[in-house]
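Undergrad: Sequence and predicted model, in that order:
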Amino acid sequence: MNKKLLLLALTLLSFWPAFSQNVPPAGQLTLQEAIKFALSNNENIKKAALDEQSAEYKIKETKGSGLPQVSGTGQLNTFPALATQLLPGELAGQPGTLIPVQFGTKYNVSGGLELQQLLFSKSFFVGLEAANTTRELYALRKQLSEEQIIYNVGSAYLQMLQTKEQFNTIDANTKRLEQLEKILTLQYKNDVATKVQVNRVTVSKTNLENQRQTLTAAYDQQKNALKFFMGLPMNQDIQLADSANVLDEAVPVQDDANAILADRIDFKLLTTQKSLYKLNVKNIQSRYYPSLSGFGNFSTNAQRNEFNFFDNSQPWFKAVTLGIRLNIPIFDGFQRRNQMRQAQIEVDKVDQDIQLLTRNTQMELLNANTQMKTSLSSIRAQERNVELAQEVYRNTNELYKEGLSPLTELLDTEVSLREAQTNLNNERLKYQLAQLTYLQAKGNLRTLIK
């Protein structure tokens with residue numbers, strides 16, 4: 001038994017590297033590690049990779065139609081009652097009569113091989129070009145799926161970071177209220193403070209505790225979203241390693257939208273799709289051209305009144321046919337013409353998609369630029385606001401300790417400080433998300449994993 005356990009342990013250890021590939025790095029997870037793990041494990045990216053494999057098989061399928069096509073046939077016929085025909089009696093010296101005659105044998109067996117080889121077809125060569133374009137199309141689709149996953153993981157990661165910062169704000173304010181509650185409770189016992197004052201602080205502390213519970217639920221939901229985009233099991237825990245300001249993209253002065261558009265994956269995807277639709281038009285046009293193919297048939301058959309086809313002494317009869325077949329399209333009821341018009345409409349629709357993407361890229365760049373500038377300005381203002389709120393709280397707290405300021409004013413300043421810190425945290429999140437959106441608009445999301 002011990003030997004079996006040892007063998008099992010060694011076997012598991014030998015497969016350990018394979019198992020570890022499906023588990024994120026131990027300890028805290030950086031944004032770069034989260035993105036890299038998602039690119040290897042997200043189901044959408046795996047599906048895109050399978051589409052790439054399918055495109056390769058499609059290319060081989062298209063090439064295969066130009067290779068020799070060989071097929072075999074076999075047939076067994078049995079005639080329990082042979083058909084009867086009437087022949088003129090003159091053939092048998094019985095003029096004026098009809099003689100019934102049966103032709104054939106009771107059993108007929110035939111078998112053969114047929115070979116076809118395409119010699120010329122314009123449609124075939126257009127199909128080869130389209131198949132290679134399809135390979136490029138699916139490769140671009142995979143890259144587009146990867147960019148979307150990078151954005152989703154980045155967005156979820158940044159939201160979790162900012163939520164962690166919000167926990168720090170609530171915990172710091174809770175600690176201040178707990179200290180104040182202890183002081184007031186002691187003062188109440190010494191008849192220096194009233195029960196109402198103690199209750200006010202307790203209510204404020206309870207409100208903070210409720211906010212923390214709500215924030216904990218939001219954090220868990222954000223963590224689940226991140227694990228979903230990464231392709232992780234929901235029961236596996238993760239911790240974040242980066243600081244709140246994980247992105248540090250400079251605010252751009254001016255962007256050339258046309259130059260940026262040319263490097264975007266979705267633009268390349270639409271351009272490739274347009275090329276594919278054009279090839280479809282060309283393929284339909286090529287059907288107007290003649291096609292030429294060669295063929296060959298070899299067959300053998302035997303006819304017996306007894307089922308003795310394995311008797312080598314009985315004859316089998318062979319037949320061989322070689323030829324060239326020319327197919328010339330003449331009139332198809334205008335089907336190809338209408339097919340071409342439909343295919344051209346698909347090309348025109350992609351042109352509209354390209355124009356829409358062009359304007360959308362311009363809008364995304366402008367909006368991201370504006371949001372980055374606005375958020376950066378708001379962050380600076382909120383940082384000054386937090387400093388002032390902290391100073392006001394410190395001064396009010398000192399005045400309260402000296403009996404020169406009421407408790408209500410101290411609690412109001414605590415609320416103001418908390419709101420200022422929350423607003424600062426929200427602006428930082430907006431700024432980080434604006435940077436992420438800007439990277440997406442420029443097509444530079446992959447810089448996050450370099």
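TA: Nice, I can see it.

Undergrad: Domain map for the chain?
TA: The chain breaks down into these domains under automatic domain parsing: 28-65+121-289+333-449, 75-86+101-118+295-328.

Undergrad: export those to a markdown table and tack on mean pLDDT, mean neighbour count and distance to residue 95?
TA: Placement of C-beta: from N, CA and C, glycine included. Converted to a markdown table, the domains of the chain look like this (pLDDT from 0 to 100; neighbours: other Cβ atoms under 10 Å; distance: least, Cβ to Cβ, whole Å):
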| stretch | mean pLDDT | mean neighbour count | distance to residue 95 |
| --- | --- | --- | --- |
| domain 28-65+121-289+333-449 | 88 | 16 | 55 |
| domain 75-86+101-118+295-328 | 89 | 12 | 14 |
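
Undergrad: Next one: residue 93 from residue 101, what distance?
TA: In this structure, residue 93 and residue 101 are 15 Å apart, going by Cβ to Cβ, to the nearest Å.

Undergrad: Let me know the helix or strand that residue 191 is in.
TA: For residue 191, there is no host helix or strand (DSSP states H and E).

Undergrad: Equivalent analysis for residue 77, please.
TA: According to DSSP H and E, residue 77 maps onto strand 69-78.

Undergrad: For that strand, give me every contacting residue.
TA: Counting contacts by Cβ atoms under 8 Å, 6 or more residues apart in numbering, the residues outside strand 69-78 that touch it are 106-117, 299.

Undergrad: and if you look at stretch 231-248?
TA: For stretch 231-248, contacts defined as Cβ under 8 Å, 6+ apart pick out 23-24, 27-31, 34, 37-38, 40-43, 157-158, 160-162, 164-165, 223-224, 226-228, 425, 428, 432, 435-436, 439.

Undergrad: which stretches of the stretch 101-250 of the chain form helices?
TA: In order along the chain, the stretch 101-250 of the chain carries the following helices (DSSP state H, counting those that start in this stretch): 122-189, 195-230.

Undergrad: Rebuild these as CSV, extending it with distance to residue 303.
TA: As requested, the helices of the stretch 101-250 of the chain are arranged in CSV below (distance: least, Cβ to Cβ, whole Å):
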stretch, distance to residue 303
helix 122-189, 41
helix 195-230, 71
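
Undergrad: which stretch among those comes nearest residue 450?
TA: In this view, the helices of the stretch 101-250 of the chain are compared for proximity to residue 450 by Cβ to Cβ, and helix 122-189 is the closest at 11.6 Å.

Undergrad: Please compute how far that closest one lies from its chain's middle.
TA: Relative to the centre of its chain, helix 122-189 is centred 17 Å away, using Cα atoms, centre = their mean, to the nearest Å.

Undergrad: That one vs helix 195-230, what angle?
TA: Here helix 122-189 runs at an angle of 160 degrees relative to helix 195-230 (axes from the mean of the first three to the mean of the last three Cα atoms, to 10 degrees).

Undergrad: picking that back up, and the helix or strand following the strand holding residue 77, what other elements does it pack with?
TA: On the C-terminal side of strand 69-78, the closest following helix or strand by DSSP H and E is strand 84-88. Contacting strand 84-88 under the criterion 3 or more Cβ pairs under 8 Å, 6 or more residues apart in numbering; DSSP states H and E are the following elements: strand 98-102.

Undergrad: The strand it packs on vs strand 84-88, what angle?
TA: If you take the same axes, to 10 degrees, strand 98-102 sits at 140 degrees to strand 84-88.

Undergrad: same for strand 98-102, what does it pack against?
TA: strand 84-88.

Undergrad: helix or strand for residue 393, which one?
TA: Using DSSP H and E, residue 393 sits within helix 335-401.

Undergrad: Can you tell me the SS state at residue 289?
TA: Using DSSP: H, G, I helix; E, B strand; the rest coil, the three-state assignment for residue 289 comes out as coil.

Undergrad: Phi first, then psi, for it.
TA: phi -80, psi 150 (degrees, to the nearest 10).

Undergrad: just the one 3 residues further on next, same as before
TA: Backbone torsions for residue 292, taken as degrees, to the nearest 10, come to phi -130, psi 130.

Undergrad: Next, count neighbours for it.
TA: Using other Cβ atoms under 10 Å, residue 292 has 14 neighbouring residues.

Undergrad: same check, this time on residue 98
TA: One way to gauge burial is a neighbour count; for residue 98, by other Cβ under 10 Å, it gives 11.

Undergrad: Setting aside sequence neighbours, what's the nearest residue to it?
TA: Closest residue to residue 98 apart from its sequence neighbours, by Cβ to Cβ, 6 or more residues apart in numbering: residue 86 at 4.2 Å.

Undergrad: Which stretch among the helices of the stretch 101-250 of the chain approaches residue 366 most closely?
TA: Across the helices of the stretch 101-250 of the chain (criterion: Cβ to Cβ), the nearest stretch is helix 122-189, sitting at 18.5 Å.

Undergrad: Show the backbone phi and psi for the residue nearest to residue 102 when sequence neighbours are not counted.
TA: Closest residue in space to residue 102, ignoring its immediate chain neighbours: residue 82 at 4.3 Å, by Cβ to Cβ, 6+ apart. For residue 82, the backbone dihedrals (degrees, to the nearest 10) come out as phi -70, psi 150.
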